[in-house]
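*Asks:* Everything below, folded, please.
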Amino acid sequence: MTVEPTFTSQVAGTAAVGGALIGLASALLLSANGRIAGISGIAGRLLDGSTKDRGWRLAFVGGLLAGSVALLAVAPQVFGRSGWASLGQLTVAGLLVGYGTQLGNGCTSGHGVCGLARRSPRSLAATLTFMGVAGAVVFGLRHLQAG
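*Replies:* I've put the predicted structure just below:
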């Protein structure tokens, strides 16, 4: 008897592969350039225009975008259902994430992947904070939101 994989198991498998690739990219960036793979810092320094090392930053962000586009072309189902949020909601969410990365001096990749791997107490505190807040927001949206 053959059991078809569920959508959840497909997404979990994809998430595991994605996590491994993020770890590999972080390790390669650290070994090749001596840089921490904090995506908010990499992208932010591209936007402010003050950095001299734009080449590797553009390549890194370009690789992130190209990987996403390739995955969308090959397996669009891993992105979940469409229409779950409006453009306004996504804009507000993006601005809040950007504000949070500035407030926390880093993002999930910088603190959660690289910082925890280096056993940084500050990164542990930041990761626990943003994961806790994310869990509370999801709980609130799914269970407490009227409608």
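
*Asks:* can you tell me the average pLDDT over the helix ranked longest in the chain?
*Replies:* Using DSSP state H to define each element, the chain has its longest helix at helix 7-33. Across helix 7-33, the average pLDDT comes to 78.

*Asks:* What is the burial count for Thr127?
*Replies:* Using other C-beta atoms under 10 Å, Thr127 has 20 other residues around it. (Each C-beta comes from the backbone N, C-alpha and C, glycine too.)

*Asks:* I figured it hits His111, correct?
*Replies:* Yes: with contact defined as C-beta atoms under 8 Å, Thr127 reaches His111; the gap is 5.2 Å.

*Asks:* buried ones in stretch 21-38?
*Replies:* For stretch 21-38, a neighbour-count test (16 or more other C-beta atoms under 10 Å) marks 22, 25-26, 29, 35-38 as buried.

*Asks:* element containing Ala126?
*Replies:* Assigned by DSSP states H and E, Ala126 belongs to helix 121-139.

*Asks:* avg pLDDT for that helix?
*Replies:* Average pLDDT, helix 121-139: 90.
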